[in-house]
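Enquirer: fold the following for me, if possible:
(2 chains)
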Amino acid sequence: MEMPVPNAAVVAKKGRIVGLLERVLGADGVISDLAETRAYECDALTAYRCPPLAAVLPRTTEEVAAVLRICHAEGVPVVPRGAGTSLAGGALPTADSVILGVARMNDVLETNYDDRYIRVQTGRTNLSVTGAVEEDGFFYAPDPSSQLACAIAGNIAMNSGGAHCLKYGVTTNNLLGVKLVLMDGTITEIGGAHLDAPGYDLLGLICGSEGQLGIVTEATLRILPKPEGARPVLMGFDSSEVAGACVADIIKAGVLPVAIEFMDRLCIETSDNFANAGYPDCEALLIVEVEGSDAEIDEQLGVILQIARKHNPVELRESSSPEESAKIWLGRKSAFGAIGQLNDYMCLDGTIPVSSLPFVLRRIGELSKEHGLDVGNVFHAGDGNMHPLILFDANKPGDLETCEALGAEILKLCVEVGGCLTGEHGVGIEKRDLMTAQFGPEDLELQMRVKDVFDPTWLLNPAKVFPLEATATRRAGGPKAA
Amino acid sequence: MITPQSEAELAEAVRSASGPLRVVGGGTRTFGEPALGDALSTAGLNGVSLYEPGALTIVAQAGTPLAEIEATLAAENQRLPFEPPDMRALLGTDDAAAGGTGLSTIGGAVAANASGPRRIQAGACRDSLIGVRFVDGSGDIIKNGGRVMKNVTGYDLVKLMAGSRGTLGVLTEVAFKVLPNVAAQATLSARGLSDEQAVAVLSKALSSPFEVTGAAHDATGSETVTLIRLEGFADSVAYRVTQLTNLLEPLADLTVDRDPESAAATWRAIRDVRPLADQAGDLWRVSVKPSNGPVLGARLGNVPKLYDWGGGLIWAALPKGTDLRALMQGLPGHATLIKTADGAPAETQRFHPEPAPLARLSDGLRQKFDPRGILNPGLLA
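Expert: Predicted structure coming up:
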């Protein structure tokens, strides 16, 4: 993966830049020693690493603004970082960049149950947002797999989803307002505790912009009353086609489960060996979860089980206790970790129309054979967000390249059937050069013009999202004339 | 009036335009001073291009009548989640006077981000919108998003287009996530509550696990009516009616309406702001956090008011020339002047002024999307 050549002039004045930053943050807010900056050399896409010029850890919005003013004046690229759990390289630095981490900004600023929102600093982790309100019967809906570690800042940057977004939506559907710092240090607020903002939907634009338009330091998030209960049912089928047809029939029947998760044979066996979840021996497995009171759950599961039986399942297991529910979810939730025991893996994130599921799974199988690398499939079937896991050996020369080539083929396949490159992980550097498979030159040009408005000198996370050659002029000397 | 019959024709019409264009769908959501320029209609872009009930997805040409979309979905027992309002009675736009057809279009609903009572539970139009195609001010055809409900590939221009009222581009195609229709519904109502009592009741209902899909308070008549809607499978609705009635019993004396037709009529009236359609005075639409609704209501005085979205959306008819924004001190939110008494020219800005940094960003975006400034100039400005 190519990254821009670091700006030698910026690297040469490291001492001056660090001095200016220390003046506003104090010495303990700036990390510039080479050994220490290595902690920031990559995110969860660990195949690519590069220590930044420095990393800063501001404590307030005003400090964030001060850092950005300095970097703006000195022409230093800034790479925002939440918790560093991006699977797409969203927080990967360059040698001439300053990492701006929000980890020290993790306070709850306000909770309001009458109006059903919470206002937090964005360094706070996703799960601890729910943690702050669950004793009072509320929760924050988006639940990415990394929710124990990932920060709200990154959730907003990547518009994170999770297993339960079929019913509750993704981050953008649960975000009411932000405090935003622009690259020139301007502090502004968009939205608030009310449901809609005037003028253009700038909030919608910021969400999912991968830290390229501004740095979000505070967020007002919608919280929801916790459902009375939830219950999963596990279904095993002898082909993924049948499992896919069952998903479509459930949705057509008018039931809206909170989650429909899918696993193929490789993932079923691997996670069962790892977690002893007691999964059946079959080609495809679905976990379907519904919410409500016991009676409401019975009513919904009654409809779902009736549909499932028509598809001749090899196993149909309704949970009858919290322990059984936990066991059904255990294998699914440990799938990534279990696969990681087999080998190194790359996790893809393309989304496809649910109707294309059987075709896409078949094609992935063929592509896997052609490239000689195994692929496991575990994903959110209700919304078509796939997570093919390509197994490779990082120590074997050429394996990473083969894996990336296979990944690119799979993602192009997702686009060909009417889907997209990434459903919830973001483009980062990982899918940057595939953007032309999904977008035409005019589509990308207009998106880049949006960045021209927010960050005219292209200093915020500049080497991400767009193909490098498309952004070269802008990164070199500001935006191309429109 | 220019009425292109294809996206390519529409792009050519924009590219070759020598002056301002007034973008028109059905013309039913138009309000305020008439925009300048030649009318450019999307009526020629008509039809559902893709509908997959099993994937909860529909894609349609922007000029397709909303009624046709709703009928197509209803045939498969599905619906648009965001319950788009019909503004014709309120705005007096049912006679095609605004240059449209008088038939609300799906593109127009998107351009206005038109969202009804279910917005509190299912989200606004922008939340269901998953893909757009549009022609920008240079005449380039742009696509963003797609037909899948999870998509973070590139910037989200889908949201940006929703509610931009044709000032950033002319929509040609829109794609939505849809939802199953419901088997049953019930409306709980209480009479005579003060605005403050009503919003407390609505807040309590919305903070319960019983999935309220409508929470309104009609203070337009001599006796107020507070309304709570439940939807879902029949047994589930019955269960939640009982639970919610018990929960709210200390606060309000509730009656239940289980008749689907009268419940639908009740919520259609709220959705379409019918109680204020024939009121005299200036009509304002205000968005604040719900608990501030009655605070603002008290400042507005004894005028007809309709609260929706749990108290956070307020429609009010005020004496001619009242500057409602001046009464919002300390209450974050925004206000839009929808209609002036006797259709007189507005004495204040129709749309709420944005803080300077946001106004700069909005102006910048408009210039990038429409460098010649020909799309609905004057609107949203």
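Enquirer: centroid residue for the chain?
Expert: Just going to use chain A. A:H425 (3.2 Å; C-alpha atoms, centre = their mean).
Enquirer: nope, chain B please
Expert: Most central in chain B (C-alpha atoms, centre = their mean) works out to B:A114, at 2.1 Å.
Enquirer: distance of that one from chain A?
Expert: 11 Å (C-beta to the nearest C-beta, to the nearest Å). Placement of C-beta: from N, CA and C, glycine included.
Enquirer: thought B:E68 was touching B:Y51?
Expert: No. Counting by C-beta atoms under 8 Å, B:E68 does not reach B:Y51; the two are 11.4 Å apart.
Enquirer: confirm that the residue nearest to the centre of chain B sits in a strand.
Expert: No. B:A114 is assigned coil when assessed by DSSP: H, G, I helix; E, B strand; the rest coil, not a strand.
Enquirer: which residues touch it?
Expert: Contact analysis of B:A114 by C-beta atoms under 8 Å, 6 or more residues apart in numbering or on different chains lists B:29, B:82, B:84-85, B:87, B:108, B:125.
Enquirer: taking these one by one, which sit in strands?
Expert: Of those, none are assigned to strands by DSSP state E.
Enquirer: B:L313: neighbour count?
Expert: When neighbours are defined as other C-beta atoms under 10 Å in any protein chain shown, B:L313 has 25 of them.
Enquirer: find the nearest non-adjacent residue to it, please.
Expert: In space, and not counting its chain neighbours, B:L313 is closest to B:S287: 5.9 Å by C-beta to C-beta, 6 or more residues apart in numbering or on different chains.
Enquirer: secondary structure element for the one you found?
Expert: strand B:282-288 (DSSP states H and E).
Enquirer: may I have that strand as CSV, with CA atoms only?
Expert: Provided in CSV are the C-alpha atoms of strand B:282-288 (Å, rounded to 0.1, in the frame of the first residue of the first chain):
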residue,chain,number,x,y,z
ASP,B,282,-48.1,33.6,10.7
LEU,B,283,-47.3,29.8,10.8
TRP,B,284,-44.0,28.8,12.3
ARG,B,285,-42.3,25.4,12.7
VAL,B,286,-39.9,25.1,15.6
SER,B,287,-37.5,22.3,16.6
VAL,B,288,-36.2,22.2,20.2
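Enquirer: from the chain's centroid, how far away is it?
Expert: Put simply, strand B:282-288 sits 13 Å off its chain's centre (C-alpha atoms, centre = their mean, to the nearest Å).
Enquirer: element containing the residue found closest to B:E9 once you drop the neighbours it is linked to in the chain, please.
Expert: In this structure, B:E9 finds its nearest non-sequential neighbour in B:G44, 7.6 Å apart by C-beta to C-beta, 6+ apart. If you go by DSSP H and E, B:G44 is not part of any helix or strand.
Enquirer: now do the one residue in the stretch 51-200 of chain B that gets nearest to chain A, the pLDDT please.
Expert: Of all residues in the stretch 51-200 of chain B, B:K159 sits closest to chain A, at 2.5 Å by C-beta to the nearest C-beta. pLDDT recorded at B:K159 is 98.
Enquirer: in contact with the closest residue to B:L21 other than its chain neighbours, which residues?
Expert: Leaving out its chain neighbours, the residue that sits closest to B:L21 by C-beta to C-beta, 6+ apart is B:L40, at 4.5 Å. Contacts for B:L40 (C-beta under 8 Å, 6+ apart) come out as B:1-2, B:4, B:10, B:13-14, B:17, B:21-24, B:170.
Enquirer: can we see that at 7 Å?
Expert: Shown in contact with B:L40 (C-beta atoms under 7 Å, 6 or more residues apart in numbering or on different chains): B:2, B:13, B:21-24, B:170.
Enquirer: against B:T101, how distant is it?
Expert: 14 Å (C-beta to C-beta, to the nearest Å).
Enquirer: about what we covered before: in CSV: the contacts of B:L40, plus neighbour count.
Expert: Compiled in CSV, the contacts of B:L40 are given as follows (neighbours: other C-beta atoms under 10 Å in any protein chain shown):
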residue, neighbour count
B:I2, 15
B:A13, 18
B:L21, 23
B:R22, 24
B:V23, 26
B:V24, 28
B:V170, 30
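Enquirer: which of these fall within strands?
Expert: B:21-24, B:170.
Enquirer: up against chain A, what does the stretch 201-350 of chain B have?
Expert: Contact residues (C-beta under 7 Å from any C-beta of the partner chain) of the stretch 201-350 of chain B with chain A: B:203, B:206-209, B:233, B:235-236, B:239, B:287-291, B:309, B:312, B:332-334.
Enquirer: weed out the non-buried ones from the residues you listed.
Expert: B:203, B:206-209, B:233, B:235-236, B:239, B:287-291, B:309, B:312, B:333-334 (16 or more other C-beta atoms under 10 Å in any protein chain shown).
Enquirer: didn't B:K339 look like it was pressed against B:G281?
Expert: No. Using C-beta atoms under 7 Å, B:K339 is not in contact with B:G281, being 8.9 Å away.
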